[in-house]
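> Fold the following.
(2 chains)
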Amino acid sequence: MFVRRIARCIIAVAMWPIFHKFGSPPWLYAISGAILRWMLPVTLILLVIGAVWGLMFSPADFRQGNSYRIMYIHVPAAVVALAGYYVMALAGAINLIWRMKMADVAMKAAAPVGAAFTFLALFSGAVWGKPTWGAWWVWDARVTSMLILLFLYLGVVALYEAFDNKEAAGKACAVLSLVGMVNIPIIYKSVDWWYSLHQPASIKLTGESTIDPSMLYPLLLMIAAFYALFTCCLLLNMRVELLRRESRTHWVGSLAKRECSDVL
Amino acid sequence: MHPVRKQRLYLVLFMVVFSSAAVALMMYALRGNINLFYPPSDVAAGEAPVGRPIRVGGMVVADSLRRSETSLEITFELTDYEATVPVTYTGILPDLFDEGQGAVASGELNAEGVLEATEILAKHDENYMPPEVADALENSGYDYKGNAQ
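The predicted model follows:
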């Protein structure tokens, strides 16, 4: 009992400054700027290396020929679309429980970015489906649940705009994100649970992957690049939202003055 | 944790758990309807409706593909290694359609138990490898899935 109380005190003392800082818009704006300064070039380099490696240097597939290379866009976009939903829902939950305004900013910023990645996954999937399956669109469990994910992301965007009271908007969107979270494991397991046209996963967490290493490594690189790209888009979007919300504050005023004097 | 925040945390957990349970029950109730196609054994067991649009999916039986000399009409058989369903189709097949590979045929079952397909989709699997690796596997007596032939 006594030990637990001490541990709790230590955690509270150690965590408070971090929580406090995350709650501070100028600090978040500054730290995200510092992160983006090196993250943007790293993302660009990863994307270029991954794309050139995957599209030009990895071998053609023994059955699909070159059309399988759509995988290097399709799989990373889909992976990040799923992971991005957890980011959005987690930020929503933090806002609901701790009433952290910056979590609300993160949730609002994640929704359109996630929607864009989901759309990219659906679109590249349609382009891939035509030459391999013989159809642009099939209502199988994987494709349909992915379409529901797109509607969930767009639903959060629309719901947020539907409220005049932005605090209520944040809570409503957080609830929608959390309820929609059940869709993520359904998307992931859909190809195993039901008969579907979409093939099961080639990259396996347990057991041997069913994709040749010469094709797997550029794919893993592209997945890392897309995670970095998502982070960049999320941070950039959060910064815009921060400036919009804080536009009347002193720190944004002096920031604008400094930026303008640089331009002039 | 502050009691109010703890209460909100429980509320969030309650929401996630119960909405997931509700969706899980719904999925369980609809489990048959979410499948894209019937396996041939369901068709053989008479579970697939006759004269209504359905899809049947399985592997194309080796050496079962017959092409008409005068038209685009083709016939082949789909199997799940327990039962087979004969399929007729008139049209152009997808590039990846092949004997020994997966396919999904949509159409209507006629009274003789033949699926009169209006659309054929090729189903590829999760194996990707360069042609040289596939050739090397074949030369050493294995198929591309690593099973001995």
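> ends of stretch B:66-74, how far apart?
With Cα to Cα, to the nearest Å as the measure, stretch B:66-74 spans 6 Å from end to end.
> Say whether chain A is contacted by it.
No: Stretch B:66-74 stays clear of chain A (Cβ under 8 Å from any Cβ of the partner chain), getting no nearer than 14.0 Å. Placement of C-beta: from N, CA and C, glycine included.
> Report the spatially nearest residue to B:Ser68, omitting neighbours in sequence.
Distances taken as Cβ to Cβ, 6 or more residues apart in numbering or on different chains place B:Ile74 nearest to B:Ser68, at 6.9 Å, with adjacent residues excluded.
> Go ahead and confirm that neighbour touches B:Pro86.
No: contact status for B:Ile74 versus B:Pro86: not in contact, 11.4 Å apart, counting by Cβ atoms under 8 Å.
> the more surrounded of those two?
B:Ile74 (19 against 15; other Cβ atoms under 10 Å in any protein chain shown).
> buried stuff in the helix or strand where B:Val23 lies?
Element membership for B:Val23, per DSSP states H and E: helix B:3-29. Going by neighbour count (16 or more other Cβ atoms under 10 Å in any protein chain shown), the buried part of helix B:3-29 is B:8-9, B:12, B:15-16, B:19-20, B:27.
> pLDDT check: weakest of those residues?
Minimum pLDDT across the buried residues of helix B:3-29 is recorded for B:Met27, with 87.
> you'd agree that residue is up against B:Asn33?
No: if you go by Cβ under 8 Å, B:Met27 and B:Asn33 don't touch, sitting 10.0 Å apart.
> Okay, buried residues for stretch A:150-168 please.
Applying 16+ other Cβ under 10 Å to stretch A:150-168 flags A:150, A:152-156, A:159-160 as buried.
> Just the mean pLDDT for that stretch, thanks.
Mean predicted lDDT for stretch A:150-168 stands at 95.
> To what extent is B:Asn127 buried, counted in neighbours?
Per other Cβ under 10 Å, the neighbour tally for B:Asn127 reads 19.
> what residues are up against the closest residue to it other than its chain neighbours?
Among residues not flanking B:Asn127 along the chain, A:Thr210 sits closest, at 4.8 Å (Cβ to Cβ, 6+ apart). Contact analysis of A:Thr210 by Cβ atoms under 8 Å, 6 or more residues apart in numbering or on different chains lists A:202, A:204, B:125-128.
> Of all these, the one with the weakest confidence?
A:Lys204 (80).
> And that one, how far from A:Tyr68?
Distance of A:Lys204 to A:Tyr68, computed by Cβ to Cβ, to the nearest Å: 18 Å.
> coming back round to it: can you redo the buried residues of stretch A:150-168 as TSV with distance to A:Trp27 and secondary structure?
Formatted as TSV, those follow (distance: Cβ to Cβ, whole Å; DSSP: H, G, I helix; E, B strand; the rest coil):
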residue	distance to A:Trp27	secondary structure
A:Leu150	34	helix
A:Leu152	31	helix
A:Tyr153	28	helix
A:Leu154	31	helix
A:Gly155	31	helix
A:Val156	26	helix
A:Leu159	29	helix
A:Tyr160	24	helix
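> Can you name the residues that contact the residue in the stretch 101-250 of chain A that chain B sits nearest to?
Here the stretch 101-250 of chain A gets closest to chain B at one residue, A:Gly134, 3.2 Å apart by Cβ to the nearest Cβ. Shown in contact with A:Gly134 (Cβ under 8 Å, 6+ apart): B:93-97, B:119-122.
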